[in-house]
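1. sharing a sequence plus its predicted fold:
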Amino acid sequence: MNRYPEVPHRPLFLLDYDGTLAPIVEDPFEARPHPAVPALLRTLCAAHPLRVVTGRALEDLARLLPVPVDAVGLHGAQEGRLGTHTRLRMPASSRDALRRLRDTVPAIDGVRVETKGPAFALHYRGAAEEDEVVGALRTWLEGAPASLEPVWGKKVLELRPVGIDKGRVAREISARYADRTPVYVGDDTTDEDAFRALAGDERAVTVKVGEGETAARYRVPDVDAVVAYLERFLSPPPPSA
């Protein structure tokens, strides 16, 4: 794996939020962006196509990131512009399945339910007995319908409709901007779908934030390093991809 990401001349930015543009915190509703991020995003999206690609509902993200940038929420089930319009791309059958499953979530010490529009996430960061919590959640998942896919992230479990993931998002948006070099930056399990989806594009710059196995071509250690990397695009002339 190369030590530092390339800086292509004509980028298409696809940027995760939590753990990428904002540090991971105990309370997901307090995950404020890095201080430099709002101004940085405004500058970047004025010059290049940019999407924030997140598992959050866009309405929730807009409260944390008050910047009118294009975004994809719920791992691809929602799209729009922060603070304005959004569109749900989830079948009614999936919404119904998620609602029914939400009603069956067991009361487990250390588990916090985050409602995300039609979806939800179960956070267990800070649980005293993490192994027991994970075991209880795995038992509960045995009753989940086959149309929903469990996704284990950093101390969080989410359910998403089968076929909706960040890999599909990366492919679809990259196809719209075929003359641009995809630059995907993310830190979590769900971002690996995008790294794998872009692996066949030799131009693509895929960047893993933090430790752990990854399909990304590059790695940076933390949110500060992400900001430093993105700021390199503000210093012309960048090297060509």
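-> Everything's here; your move.
2. confirm residue 99 sits in a strand?
-> No: counting by DSSP: H, G, I helix; E, B strand; the rest coil, residue 99 falls outside a strand, being helix.
3. all helices of this structure, in order?
-> 37-47, 58-64, 92-102, 130-141, 166-176, 189-197, 223-231 (DSSP state H).
4. how near is the residue nearest the centre of the chain to residue 9?
-> Centroid-nearest residue in the chain: residue 54, 3.2 Å away (criterion: CA atoms, centre = their mean). Going from residue 54 to residue 9 by CB to CB, to the nearest Å gives 27 Å. Quick note: C-beta positions are derived from backbone N, CA and C, even for glycine.
5. can you check residue 217 too?
-> Distance from residue 217 to residue 9, by CB to CB: 18 Å.
6. so for those two, which residue has more residues nearby?
-> It is residue 217, of residue 217 and residue 9, that has more neighbours when counted by other CB atoms under 10 Å, with 19 against 13.
7. do I have it right that the more buried one meets residue 201?
-> No: applying CB atoms under 8 Å, one finds residue 217 not in contact with residue 201, separated by 10.5 Å.
8. spit out the contact partners of residue 222.
-> 23, 209, 210 (CB atoms under 8 Å, 6 or more residues apart in numbering).
9. so what's the closest residue to the second one other than its chain neighbours up against?
-> It stands for residue 209. Of all residues not flanking residue 209 in the chain, residue 187 sits nearest, at 3.7 Å (CB to CB, 6 or more residues apart in numbering). Neighbouring residues of residue 187 by CB under 8 Å, 6+ apart: 16, 18, 19, 20, 154, 208, 209, 210.
10. ok, so of the residues you listed, who is nearest residue 230?
-> Among the contacts of residue 187, residue 20 lies closest to residue 230 (CB to CB), at 10.0 Å.
11. any idea how many residues pack against that closest one?
-> 30.
12. per-domain residue ranges of this structure.
-> 11-89+164-234, 92-161 (automatic domain parsing).
13. let me see the contact set for residue 168.
-> 76, 193, 197.
14. mind checking how far stretch 41-52 is from the chain centre?
-> 17 Å (CA atoms, centre = their mean, to the nearest Å).
15. measure it end to end?
-> 10 Å (CA to CA, to the nearest Å).
16. stretch 175-183 too?
-> 13 Å.
17. residue 120 touches residue 102, doesn't it?
-> Yes: Residue 120 lies in contact with residue 102 (CB under 8 Å); the separation is 5.3 Å.
18. hmm, back to that, restricted to strands, list the contacts of residue 222.
-> Using DSSP state E, the subset of these located in strands is residue 209.
19. which single one of the contacts of residue 222 is nearest to residue 49?
-> Once CB to CB is applied, the member of the contacts of residue 222 that ends up nearest residue 49 is residue 209, at 21.0 Å.
20. from residue 227, how far off is that closest one?
-> 11 Å.
21. got it, and residue 167?
-> On the measure of CB to CB, residue 167 and residue 227 end up 25 Å apart.
22. of these two, which one has the most company?
-> The neighbour count for residue 167 versus residue 227, taken as other CB under 10 Å, is higher for residue 167 (21 against 18).
23. any regions of this protein where pLDDT drops low?
-> 1-3, 236-241 (pLDDT under 70).
24. how about the residue nearest to the centre of the chain, nearest residue that isn't a chain neighbour?
-> Once flanking residues are discounted, residue 54 sits nearest to residue 17: 4.4 Å by CB to CB, 6+ apart.
25. contact partners for that neighbour?
-> 31, 33, 52, 54, 56, 61, 64, 65.
26. quick one: which of those residues is nearest residue 179?
-> For the contacts of residue 17, the nearest to residue 179 is residue 52 (21.5 Å; CB to CB).
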